[in-house]
Structures are given as structure tokens and as C-alpha cells.
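A.B. asks: Sequence first, predicted coordinates after that:
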Amino acid sequence: MSFYNFARNIATWLLPMICKVEYLGFERQPHPEEGYIICSNHVSNLDVILIARKIQREIHFLGKIELFKNRLLGLALKKLNVIPVNRGKGNATPLGAAIKVVNNGGVVGIFPEGTRSKDGKLGHPKSGALVVASASKANILPIGITIKARRLRRPLAFVKCGALIHFEDLMITEGAREELKQGANYVMNKISELLTHTSEV
């Protein structure tokens, strides 16, 4: 068993003690040999676990480089396939690594907002995920996460997987900046649609 799968099993066991989780739409996962990109909103430190728990394959998430400053944590993150990103310093290297993962049939996880939302509202998307998609011609799987606080009870995490966004739907022909920006907004709109629900379990 890989370190990733071992850690996922431990997290799967611990997660119900932290919050109650509802999943919807994860039967839409792509073919197991297909490389693709997961794009999700980012509302808590649990988001990676919430997604990884339900996705059957190992995910290579992009994560901020500050997390790697602690030697032990950095080693663990490398074993968990996390690709370090130095935010605000240019991301050619991590995006190149992500493109390589997808081209080799792997799965990359990207939070398009680039950082965690403090109020739960969607921020403006960055174009990193679309750079990877443009270079690899990969499809994108949108996921929406909503976490609701509940008085005297564990928080409720509602995790919804949307329909696969095919590369052709992104209307990227040349990879120009404006195309990438429009594609990023398209993906974020699909994520936004997944945040509306009526569950109160």
C-alpha cells in the first residue's frame, strides 16, 4: 500500500469524528486510465481530505510552498504527491510538473482561487488550471464544497461532483491569456452551480 493510500485510509477513519459529510455525484469520475484535472472551491483545511476520500485514484494537489518549510511536513507532503507552488513568484515549474502528471494519465487537483476563502464566498479564479488543461488537452472535473456550522453538532460538509467539463467546452484554441481567463471563469461558474443545495441533515 502506498503512503498516499495509507494516509487516505487514516483520514477516512478520522473524518467522521470531525464533521458529517454528504457526497453527491461522484459516480461521474472519469475512466480510471484517463488523466484529468480536479477543480474545486477552497473553504477549509479539510478540503483536500474531503476530495481525496471519494476520488478513487491518487491526486497530485498543488499546495503553497510555505507548507514545505517544516522538514517533516514537507517530506510527508512529497509522499502525498503535493506539488509546491510559490505563490506570486511565477508558477512555470509547478504547472509544468502538473502538466507532466496529466500527460502521464494522472490526476491533478487545483483550487482555482489560489487560496482559502475566509468567508466561504467564491473568489476570482486564477488561470493555472487552464494553463495545465491547455497544454495537456485534459478535461476538468468540477467539485463544489459547502461547510455549514451547526449548533451543538459537528459541522456538515456537503461535497458535490459536477459533470465532466470536456476540454472542447473551454473554447481554447491558442492558449492566449484572454482564452485562459474566459475558461477559468467558465470553470468557476460550474463550481458555483454545485454550491446550491437544500440539505440540512
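C.D. replies: Great, that's in hand.

A.B. asks: Now do the closest residue to Arg153 other than its chain neighbours, the pLDDT please.
C.D. replies: In this structure, Arg153 finds its nearest non-sequential neighbour in Lys20, 7.7 Å apart by CB to CB, 6 or more residues apart in numbering. C-beta here means a position set from N, CA and C on the backbone, and glycine is covered the same way. pLDDT, Lys20: 94.

A.B. asks: I figured Lys20 was touching Ala157, is that so?
C.D. replies: Yes. The pair Lys20 / Ala157 is scored as a contact, 7.1 Å apart, by CB atoms under 8 Å.

A.B. asks: thinking again about what came up before, and the residue nearest to Arg153, how many residues sit next to it?
C.D. replies: Using other CB atoms under 10 Å, Lys20 has 15 other residues around it.

A.B. asks: again, but for the one 5 residues further on
C.D. replies: Gly25 has 17 neighbours, counted by other CB under 10 Å.

A.B. asks: next one: phi and psi at it?
C.D. replies: According to degrees, to the nearest 10, the main-chain angles of Gly25 amount to phi 90, psi 10.

A.B. asks: related to what we said a few turns ago, list the beta-bridge partners for the residue nearest to Arg153.
C.D. replies: For Lys20, the beta-bridge partners are Leu156 (DSSP bridges).

A.B. asks: List the residue ranges of the protein that fall below the pLDDT cut-off.
C.D. replies: 87-92, 196-201 (pLDDT under 70).

A.B. asks: the strands in it, which residues?
C.D. replies: For the chain, strands defined by DSSP state E occupy the ranges 20-24, 36-40, 59-64, 83-85, 107-110, 139-150, 153-161.

A.B. asks: Of all the ones you listed, which one is nearest Ala7?
C.D. replies: Ala7 sits nearest to strand 59-64 of all the strands of the chain, at 11.7 Å, using CB to CB.

A.B. asks: what's in contact with the closest one?
C.D. replies: 38, 48, 51-52, 77, 80-85, 87, 94, 97-98, 101, 106-111, 115, 128 (CB atoms under 8 Å, 6 or more residues apart in numbering).

A.B. asks: Within its sheet, name the partner strands of it and how each one runs.
C.D. replies: For strand 59-64, pairing defined by DSSP bridges yields strand 83-85 (parallel), strand 107-110 (parallel).

A.B. asks: Need the residues that contact the longest one.
C.D. replies: This means strand 107-110. Contacts for strand 107-110 (CB under 8 Å, 6+ apart): 35-40, 48, 51, 55, 57-62, 83, 98, 101-102, 128-129, 132.
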